[in-house]
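> quick one, structure for this:
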Amino acid sequence: MKMLTKDVWMEILFSLFVFSVWLLWAFILPLNEGPDENMRLQIVEFILEYGKLPTGYQKEIMDYTWGFTYGFRPILPQMLEALLYMFSAVLPRMRLCCCTQGGWPMFSAEWCSWVTCGLLEVCSLTNALRSGCLYC
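The predicted structure is shown next:
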């Protein structure tokens, strides 16, 4: 059995710490409280309604308060969130999940995708730092 070094344990503990802080933050912060969160949700709703990525020229995703849209640069979490929402919408039909009332599927897909993508970012950064190649 291979023993893990102290550095590997520190990276694992750091990743678990980041995951727990972000997960706690996702539960504490009310849905749609961030200044641009509604614009990010518009991307997800567009993907769910039309089944494709927006180009940025659609009126449905334009935020006239801020004067721009995130449609020109869809981010991986929004795509993952739409995929998770599609999956969570199927669960009640399969009678595997009974907690999809109100805004729960959108909320759970949202925080799950953001926390997962953030954790993947931390892991890739620690890998790059460990290998000494930060720009690779």
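> run a quick neighbour tally on the closest residue to residue 7 other than its chain neighbours.
Of all residues not flanking residue 7 in the chain, residue 130 sits nearest, at 7.7 Å (CB to CB, 6 or more residues apart in numbering). All C-beta atoms are positioned from the backbone trio N, CA, C, and that covers glycine. Residues lying near residue 130 (other CB atoms under 10 Å) number 11.
> for residue 130, what are phi and psi?
Main-chain dihedrals, residue 130, degrees, to the nearest 10: phi -70, psi -40.
> for it, give its distance to residue 66.
For residue 130, the distance to residue 66 equals 39 Å [CB to CB, to the nearest Å].
> which elements pack onto the host helix or strand of residue 116?
Residue 116 belongs to helix 104-131 when assigned by DSSP states H and E. With contacts taken as 3 or more CB pairs under 8 Å, 6 or more residues apart in numbering; DSSP states H and E, helix 104-131 sits against helix 6-28, helix 37-50, helix 76-94.
> and the ones you listed: which comes nearest residue 122?
Among the helices and strands packed on helix 104-131, the nearest to residue 122 by CB to CB is helix 6-28 (5.2 Å).
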